[in-house]
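Chemist: coords please:
(chains A and B)
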Amino acid sequence: MSINIFKINEELKEFIPQEVIDLEEKATWGNPKRGVMDLPYAKELLEEHSLCAGCPESMAFRYILASLPNPEDTIIVNSTGCTSLVFPHIALHTVHSLFGNQNAVATGIKRTLEWRFPDKVKDVIVLAGDGATVDIGLDCTLQSFFRQEKITTICFDNEVYANTGGQESGTTVQGHVFKMAPKGKQWPKVPMWQLAIDSGCHYVVRMSVSSPKKVEQVVKKAIYVAREVGPTYLHFYTPCILEIGLNSDDGLMEMRDKDKERFKFFEYVSPQAEEVIAKKKEEGLL
Amino acid sequence: MATLGPSHYSPYPVAVYENILPPPPGKALLFTEVVDEEVAMREAAKAMLTRENPTIFPGPQVIYAWNEEAKEKARLIRELAEVLEAKIIPMVDYRPKYPKIDPEKEINPNHPNLTIWHNNIKACIFVGVHCHYANVALKIIRAETDCFTIALCSNAGHEDAMITLRDQHADELRKFIEIAKEVKKEVK
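Modeler: Numbers count the residues shown, from 1 in each chain, chains lettered A, B, ... in the order given. Purely as a prediction, here's the structure:
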């Protein structure tokens, strides 16, 4: 993608509203040190979103987009779910794949980009919900890990199929009751982060998105490791406040509560990934 | 208000259901008539030079410097505005902005009538607006205002505009500027 598509023609600049000029002038394109601290000023990737008020997934979206080290050369592959409602609003190349095959699509894109632009760094990131990653798309997700594809997979885990009315998913906690799962889930939650480690991911994190700076750190690490070593996996808790009966302003507290329980920060780093992370720290990029 | 039937799917009149079609290549559309490009340019310049508050609405394809032609077109649009003594109000993007839009500074294809009403615009030129949004905006303007609409389209043209010029690129814009200069001498 050319950054020029966001540059306003000098000839017409004096007629353009200031807020649009700000989008260009305060943009963080081309700066690998961009991060969540730019969020109040830089709106070039996402200004408004179409998710519910107070939705933790929208927070995750903002933090992730603010943390991309190379947004001008990043492609996001997404899948069916609430996330797919946001993609038309973001100023990045995105591909909406069929439900569950997002990692297969990302594989194709990554391989093609490597072939087409051998001298350029192009990041491919999968952003999908727990249904697409752990249930319907588990095959494609794990197969991409087995094949050591250099892509970053991010799972937004809200522990339920939320936008279809509340069916239990693989990541629903045992015993949890939802509108379409009235008897409560019979089996334990799928430990996807553990499956990712066993399947060959080099950098794996499980956490909630209650801490923006922490999200920035893990997203950057995951992308740098995926670039140079192999698959990386981030498992974020982004509760659906509607499905679990919370108010718009309760999302953050819900995540903070779960930070102490089943979403306690967990990080796995392979020896090769450690080398990359150490190198990036030396370069001042982490 | 709508009744069953193809054109009634639209809440506004649709030119194509009144048997008005985009012009063939090399030609232009003046209301319902297919005419030579030069004739249409002359009438367009006349409309802009004689009606109240003429305005050019440049769209994203010319606002942003995404290729060399866009840069050249932006320069030519500026020149055209000077010749026609027209204001420039940009259509920077297509997100609906009602009711927050500032109609003095911006036009939006989803509610273009607000800008036209507010500024009492009686003649306007659409240029650099992606076709699907130009189609929407031109239908709304046609139904809701008495503004004379001129579409400078780089593709097949827009039958809902009062004057449609198709395949308009930098060379055609230069030609339009020259014709506008001639018409200006005649009407002023």
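Chemist: please make it C-alpha for all contacts and neighbour counts, starting now.
Modeler: Will do.
Chemist: which helix or strand contains the one residue sitting closest to the centre of chain B?
Modeler: The C-alpha lying nearest the average C-alpha coordinate of chain B belongs to residue B:126 (CA atoms, centre = their mean; 2.6 Å). With elements delineated by DSSP states H and E, residue B:126 resides in strand B:123-127, which encompasses its position.
Chemist: packing partners for that strand?
Modeler: Strand B:123-127 sits against helix B:37-50, strand B:55-58, strand B:148-152, with contacts defined as 3 or more CA pairs under 8 Å, 6 or more residues apart in numbering or on different chains; DSSP states H and E.
Chemist: ok so, going back, bridging residues for the residue nearest to the centre of chain B?
Modeler: residue B:57, residue B:151 (DSSP bridges).
Chemist: right, and it touches residue B:152 too?
Modeler: Yes. If you go by CA atoms under 8 Å, residue B:126 and residue B:152 touch, sitting 6.0 Å apart.
Chemist: three-state assignment of the closest residue to residue A:192 other than its chain neighbours?
Modeler: Closest residue to residue A:192 apart from its sequence neighbours, by CA to CA, 6 or more residues apart in numbering or on different chains: residue A:134 at 6.9 Å. The three-state assignment at residue A:134 reads helix, by DSSP: H, G, I helix; E, B strand; the rest coil.
Chemist: if I read this right, residue A:134 contacts residue A:170, doesn't it?
Modeler: Yes. With contact taken as CA under 8 Å, residue A:134 and residue A:170 are classed as touching, separated by 6.3 Å.
Chemist: anything in contact with each of these two?
Modeler: Shared contacts of residue A:134 and residue A:170 (CA atoms under 8 Å, 6 or more residues apart in numbering or on different chains): residue A:190.
Chemist: how about low-confidence regions in chain B?
Modeler: Judged by pLDDT under 70, chain B has its weakly predicted residues at B:1-9.
Chemist: tell me the first helix or strand C-terminal of the helix or strand hosting residue A:220.
Modeler: Element membership for residue A:220 (DSSP H and E) is helix A:212-228. For helix A:212-228, the succeeding helix or strand toward the C-terminus, using DSSP H and E, is strand A:232-237.
Chemist: got the buried residues for that next one?
Modeler: Residues A:232-237 are the ones in strand A:232-237 that count as buried (16 or more other CA atoms under 10 Å in any protein chain shown).
Chemist: what comes up buried for stretch B:36-43?
Modeler: Within stretch B:36-43, the residues that qualify as buried are B:37-43, counting by 16+ other CA under 10 Å.
Chemist: again with stretch A:86-101
Modeler: Taking 16+ other CA under 10 Å as the neighbour-count basis, stretch A:86-101 is seen to contain the buried residues A:86-87, A:90-92, A:94-97, A:99-101.
Chemist: closest to residue A:186 among those?
Modeler: Proximity of the buried residues of stretch A:86-101 to residue A:186 was ranked by CA to CA; the top entry is residue A:100 with 23.3 Å.
Chemist: next one, pLDDT for the closest residue in space to that closest one that isn't next to it in sequence please.
Modeler: If you skip the residues right next to it in sequence, residue A:100 has residue A:137 as its closest partner in space, 3.5 Å away by CA to CA, 6+ apart. Note for residue A:137: predicted pLDDT of 95.
Chemist: isn't residue A:137 up against residue A:99?
Modeler: Yes. Contact status for residue A:137 versus residue A:99: in contact at 7.1 Å, counting by CA under 8 Å.
Chemist: neighbours of residue A:24, just the number please.
Modeler: Number of residues near residue A:24 (other CA atoms under 10 Å in any protein chain shown) recorded here: 17.
Chemist: I'd guessed it sits against residue A:41; true?
Modeler: No. Contact between residue A:24 and residue A:41 fails when scored by CA under 8 Å: they sit 11.2 Å apart.
Chemist: tell me which parts of chain B are close to chain A?
Modeler: B:62-67, B:70-71, B:74-75, B:78, B:88-90, B:92, B:105-106 (CA under 8 Å from any CA of the partner chain).
Chemist: which of those residues are buried?
Modeler: Among those, those scoring as buried are B:62-66, B:70-71, B:74-75, B:78, B:88-90, B:92, B:106 (criterion: 16+ other CA under 10 Å).
Chemist: from those, which land in helices?
Modeler: B:62-63, B:70-71, B:74-75, B:78 (DSSP state H).
Chemist: redo the residues you listed as JSON lines? Include distance to residue B:177.
Modeler: Written out in JSON lines, the entries for those read as follows (distance: CA to CA, whole Å):
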{"residue": "B:62", "distance to residue B:177": "17"}
{"residue": "B:63", "distance to residue B:177": "19"}
{"residue": "B:70", "distance to residue B:177": "17"}
{"residue": "B:71", "distance to residue B:177": "17"}
{"residue": "B:74", "distance to residue B:177": "13"}
{"residue": "B:75", "distance to residue B:177": "12"}
{"residue": "B:78", "distance to residue B:177": "10"}
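Chemist: need the max-distance pair from those.
Modeler: Greatest spatial distance among these (CA to CA): B:70 and B:78, at 12.3 Å.
Chemist: and residue A:271, how many residues sit next to it?
Modeler: Residues near residue A:271, counting by other CA under 10 Å: 11.
Chemist: what residues sit buried inside the worst-scoring helix or strand of chain A on mean pLDDT?
Modeler: Lowest on mean pLDDT, DSSP states H and E among the helices and strands of chain A sits helix A:83-86, with a mean of 84. Within helix A:83-86, the residues scored as buried using 16+ other CA under 10 Å are A:83-84, A:86.
Chemist: redo those residues as CSV? Include distance to residue A:127.
Modeler: Listed next are the buried residues of helix A:83-86 as CSV, based on distance: CA to CA, whole Å:
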residue, distance to residue A:127
A:83, 8
A:84, 9
A:86, 11
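Chemist: out of those residues, which is nearest to residue A:13?
Modeler: Within the buried residues of helix A:83-86, proximity to residue A:13 (CA to CA) peaks at residue A:86, which comes in at 28.9 Å.
Chemist: which residues in chain A form helices?
Modeler: Secondary structure of chain A (DSSP H): helices at A:18-25, A:56-67, A:83-86, A:102-116, A:130, A:138-146, A:192-198, A:212-228, A:251-259, A:271-282.
Chemist: winner for burial among the ones you listed?
Modeler: Of all the helices of chain A, helix A:130 carries the top mean neighbour count, a mean of 29, counting by mean count of other CA atoms under 10 Å in any protein chain shown.
Chemist: so which elements touch that helix?
Modeler: Here helix A:130 is seen to pack against strand A:152-157 when contacts are counted using 3+ CA pairs under 8 Å, 6+ apart.
Chemist: quick one on the thing from earlier: which pair of the buried residues of strand A:232-237 spans the longest distance?
Modeler: Of all the pairs that these form, the one spanning the most space (CA to CA) is A:232 and A:237, at 16.8 Å.
Chemist: okay, now residue 170: neighbour count?
Modeler: No chain in the question, so chain A it is. Neighbours around residue A:170, by other CA under 10 Å: 23.
Chemist: wait, I meant chain B there
Modeler: Other residues within reach of residue B:170, judged by other CA under 10 Å, total 19.
Chemist: give me the distance between it and chain A.
Modeler: From residue B:170 across to chain A, the span is 15 Å (CA to the nearest CA, to the nearest Å).
Chemist: same question, residue B:122
Modeler: Separation of residue B:122 from chain A (CA to the nearest CA): 20 Å.
Chemist: run a quick neighbour tally on that residue.
Modeler: Here the count is done by other CA under 10 Å, and residue B:122 has 20 residues near it.
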